[in-house]
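In: Make a model of this:
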Amino acid sequence: MLKREKFINAAEAELKINPVATIGKKAGPEIEKYLAEFRPFLVDVDGSKPYMDINMGFDWCGAFVWYCCRKMGIDIKPAPFSGKPTFALVRTWFDYAIISDLFEWLENNESPQAGDIIIYRNLSKVDSEFNHIGIIIETGCNKVTTVEGNMPFFDSNGVERSCIKKVVRDIDDKIKGYIRIK
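Out: Okay, the predicted model is just below:
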């Protein structure tokens with residue numbers, strides 16, 4: 001089986017499990033497997049480590065993609081650069097893809113393929129060059145179908161949570177680019 005197929009299978013397997021953040025909107029026992037490896041690296045400005053508390057969540061779309069990479073056999077550390085941020089941050093994926101021999105960076109004007117990692121910019125209300133990431137499982141008709149972690153929804157009580165979702169998006173200027181596994 002090709003790496004790309006293994007990567008897609010890993011993402012789709014997590015989608016089938018359907019883990020949900022049940023503590024606030026970004027933490028809980030079902031998604032802790034994505035967050036746990038990153039907690040020791042997350043230090044507050046004052047040097048404290050509030051994220052060691054498993055009830056404290058954080059954006060986990062990058063952590064989800066990292067988990068799927070690990071699940072399909074890519075051995076990458078949570079923090080690829082000494083003294084730098086972790087793969088929980090979308091920007092780290094971009095920085096690492098530029099210099100890595102494991103990944104290749106592709107600009108948004110290139111054609112995405114199933115098994116690519118997609119990086120979004122300005123996708124949410126917060127303008128950012130690097131604000132979300134997912135795994136492409138299908139392409140066609142100027143659209144991509146992705147599996148993405150840290151996707152918001154409201155539960156039956158009206159409480160905002162996050163989960164893994166399959167999403168169909170247009171290929172447009174909200175896409176920063178793609179990372180291809182070599």
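
In: and Asn157, what is it in contact with?
Out: By Cβ atoms under 8 Å, 6 or more residues apart in numbering, Asn157 lies in contact with nothing. For the C-beta atoms, the positions are set from N, CA and C on the backbone; glycine is no exception.

In: how close does it get to Gly57?
Out: Distance, Asn157 to Gly57, by Cβ to Cβ, to the nearest Å: 18 Å.

In: Name the residues of stretch 37-51 that come out as buried.
Out: Across stretch 37-51, burial judged by 16 or more other Cβ atoms under 10 Å covers 37-39, 41-42, 51.

In: Over to stretch 52-70?
Out: 56-70.

In: If we ignore the residues flanking it in sequence, what's nearest Pro29?
Out: Thr22 (7.2 Å; Cβ to Cβ, 6 or more residues apart in numbering).

In: Show me what counts as buried in the helix ranked longest in the chain.
Out: Across the chain, the helix with the greatest residue count (assigned by DSSP state H) is helix 3-17. Residues of helix 3-17 classed as buried: 3-4, 6-11, 14-15 (neighbour count, 16+ other Cβ under 10 Å).

In: Which of the residues you listed lies at the shortest distance from Asn131?
Out: Closest to Asn131 out of the buried residues of helix 3-17 is Ala11 (19.5 Å), distances taken as Cβ to Cβ.

In: Who does the helix or strand encompassing Tyr178 pair with, and is each partner parallel or antiparallel?
Out: If you go by DSSP states H and E, Tyr178 is part of strand 175-181. Neighbouring strands of strand 175-181 in its sheet, by DSSP bridges, are strand 103-107 (antiparallel), strand 117-120 (antiparallel).

In: So what touches stretch 164-172?
Out: Applying Cβ under 8 Å, 6+ apart, the contact partners of stretch 164-172 are 14-15, 17-19, 64, 108, 112, 134, 137, 142-149, 151, 153, 175.

In: List the beta-bridge partners for Phe154.
Out: On the basis of DSSP bridges, Phe154 is bridged to Glu160.
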